[in-house]
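*Asks:* have a look; sequence and predicted model below, questions after that.
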Amino acid sequence: MKLLFAWRYFKSKKSTNAINIIAWISVVAITVGTAALIIVLSVFNGFEGLVQSLYSDFYSDIRITPASGKFFHVTAQQLQRMKETPGVVQITRTVEEKAALVNGEAKTIVSLKGIDSNYAVVNRLQVHIKRGEYAMGNAETPSLVIGVGIENAVAVDPSSPESPDITVYLPNRATGAAGGQEGMLSAPIHVSGAFMVQQEFDNKYAFTNLDFMQYMLNLKPEQYSGIELKVANTGEVERVSTELKKRLGKGFTVRTRLEQNQSLFTVMTVEKWVIYAILSLILVVAAFNMIGALTMLVMEKQKDTAVLKAMGANEQLIQGIFLSEGFLLAGIGGLAGMVLAYLVCYVQLTFKIIKLEGGTFIINYYPVKMTPADFILVTATVAFITVLAAFLPARKAATQQFSLKS
């Protein structure tokens, strides 16, 4: 019954057009605010999904590193315990160290990572090869896969058979010298391929085979800088990580992909909620319009309210009628905003109309990902603001005493 009264009040002719105008302004403002919230949250979801997919291709589900120092000794029994952990599909061993790549006058510093044959199963680096091939060679004839940023820095072309070998310099751990030629070991190395994931990785990382890195760094066969694991079900990563910590003990640090990039994902989450809070101000502006529209409606319907009270209506019923009027205005605006947001996002997903400026991105359009959680969140936000906006006029209508005498 309350909603029926609210609907009749909404449709009925008012004594002044200002009430209708203000009411529709509040509806339009709620429509715009709702649509903006859902669209922006969907764009953030799209970028977050894109970044997570890129990081999932480059970072493993779980990475195990030494609790102290740069390298650690991992026995065959410990490796077997890792493999036998429920949920673990595959493991790969890595050795990582800073290195200098030199090609004549061109030179750059990189993070050189030695990997074994299982690395292609645990990570998906090979799908991002831009030029050349995914080949690491062996200890005697090593090959190098580098990021496209490093490719430009050292002026090599992996796709050309005439591209010369370059020189790699690594710290000489045997001498322990701090610098100079005595503190470095060098070796010629062939660049077999170049990958492109994102600028952060493309300018920093290069990959070769594990045996070559262990030889150059004078490491024993069971010495590594990290063990990376692939988990069968990504939803069980936390459980597998906890189980590995129990099995391995205090000498190892176990991190999930999220923990490996905690600062990045934290910043992305904070940015999303800050934008949500800022855009919610549009709904707050709409709430002020709603307060004005409902206050004027209360004044317009003074005689109606007096009649209802004379017929036995209590304060709760009167208050509920005008609260329902507020929810009606918000409902029309919110529903229209959601439909508008869905259409905009659907068009962007289908036709990719809105483009990203510049040519340095992995994709050339704004990614969009709609989720039910965003629609529920925005609905709750609209409802909360509506209650706050409609309560005072509704309470005023319920408590004021009106007379039927003119």
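*Replies:* Good, I have the coordinates.
*Asks:* and stretch 299-319, what's buried?
*Replies:* 299, 301, 304-306, 308-309, 313, 318-319 (16 or more other C-beta atoms under 10 Å). Just so you know, the C-beta spots here come from the backbone N, C-alpha and C atoms, and that holds for glycine as well.
*Asks:* meant to ask about stretch 277-294, not that
*Replies:* 279-280, 282-283, 286-287, 289-294.
*Asks:* how about stretch 98-112?
*Replies:* Here stretch 98-112 shows 99-101, 103, 108, 110, 112 as buried, counting by 16+ other C-beta under 10 Å.
*Asks:* output that stretch as PDB, nothing but the C-alphas.
*Replies:* Extracted in PDB, the C-alpha atoms of stretch 98-112 (Å, rounded to 0.1, in the frame of the first residue of the first chain):
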ATOM      1  CA  LYS A  98      72.400  -9.300 -11.700                       C
ATOM      2  CA  ALA A  99      74.400  -9.400 -14.900                       C
ATOM      3  CA  ALA A 100      75.800  -7.000 -17.500                       C
ATOM      4  CA  LEU A 101      75.100  -7.600 -21.200                       C
ATOM      5  CA  VAL A 102      77.600  -6.000 -23.600                       C
ATOM      6  CA  ASN A 103      77.400  -5.700 -27.400                       C
ATOM      7  CA  GLY A 104      80.200  -3.500 -28.500                       C
ATOM      8  CA  GLU A 105      79.400   0.000 -27.300                       C
ATOM      9  CA  ALA A 106      75.900  -1.000 -26.300                       C
ATOM     10  CA  LYS A 107      75.500  -2.300 -22.700                       C
ATOM     11  CA  THR A 108      72.900  -2.700 -20.000                       C
ATOM     12  CA  ILE A 109      72.300  -4.200 -16.600                       C
ATOM     13  CA  VAL A 110      69.700  -7.000 -16.300                       C
ATOM     14  CA  SER A 111      68.300  -9.600 -13.900                       C
ATOM     15  CA  LEU A 112      69.600 -12.800 -15.500                       C
END
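*Asks:* mind naming the longest helix for the protein?
*Replies:* helix 17-58 (DSSP state H).
*Asks:* helices or strands next to it in the packing?
*Replies:* helix 262-300, helix 315-351, helix 372-399 (3 or more C-beta pairs under 8 Å, 6 or more residues apart in numbering; DSSP states H and E).
*Asks:* tell me how far that helix lies from the chain's centre.
*Replies:* Mean C-alpha position of helix 17-58 versus that of the full chain (C-alpha atoms, centre = their mean, to the nearest Å) differs by 16 Å.
*Asks:* ok, so of the buried residues of stretch 277-294, who is nearest I25?
*Replies:* Using C-beta to C-beta, N289 is the member of the buried residues of stretch 277-294 that sits closest to I25, with 5.1 Å.
*Asks:* and that closest one, what is it in contact with?
*Replies:* The contact partners of N289, taken as C-beta atoms under 8 Å, 6 or more residues apart in numbering, are 22, 25-26, 29.
*Asks:* now G292
*Replies:* 22, 26.
*Asks:* tell me how far it lies from V284.
*Replies:* Using C-beta to C-beta, to the nearest Å, G292 is found at 14 Å from V284.
*Asks:* let me see the domain layout of the chain.
*Replies:* 2-55+264-399, 60-259 (automatic domain parsing).
*Asks:* how about TSV for these, with mean pLDDT added?
*Replies:* As requested, those are arranged in TSV below (pLDDT from 0 to 100):
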stretch	mean pLDDT
domain 2-55+264-399	87
domain 60-259	93
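*Asks:* what about the helices in the stretch 51-200 of the chain?
*Replies:* Under the criterion DSSP state H, counting those that start in this stretch, helices of the stretch 51-200 of the chain are mapped to 76-83, 119-122, 148-154, 199-202.
*Asks:* the first one - contacts with which helices or strands?
*Replies:* Read that as helix 76-83. Using 3+ C-beta pairs under 8 Å, 6+ apart: helix 76-83 touches strand 88-103, strand 226-231, helix 237-248.
*Asks:* with just CA atoms, put it into CSV.
*Replies:* Output of helix 76-83 as CSV, limited to C-alpha atoms (Å, rounded to 0.1, in the frame of the first residue of the first chain):
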residue,chain,number,x,y,z
ALA,A,76,66.5,-34.1,-3.6
GLN,A,77,64.4,-35.1,-0.5
GLN,A,78,63.2,-31.6,0.0
LEU,A,79,62.3,-31.2,-3.7
GLN,A,80,60.4,-34.5,-3.5
ARG,A,81,58.4,-33.2,-0.4
MET,A,82,57.5,-30.1,-2.5
LYS,A,83,56.3,-32.3,-5.4
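*Asks:* the inter-axis angle of that helix versus strand 88-103?
*Replies:* 110 degrees (axes from the mean of the first three to the mean of the last three C-alpha atoms, to 10 degrees).
*Asks:* who touches helix 76-83?
*Replies:* 64, 88, 91, 93, 222, 227, 229, 244, 247-248.
*Asks:* unless I'm mixing things up, N45 is touching A373, no?
*Replies:* No. N45 lies out of contact with A373 (C-beta atoms under 8 Å); the separation is 9.2 Å.
*Asks:* any shared contact partners between those two?
*Replies:* Counting by C-beta under 8 Å, 6+ apart, nothing touches both N45 and A373.
*Asks:* ok, those two, which is more surrounded?
*Replies:* Neighbour comparison, N45 and A373: the larger count goes to N45, with 19 against 10 (by other C-beta atoms under 10 Å).
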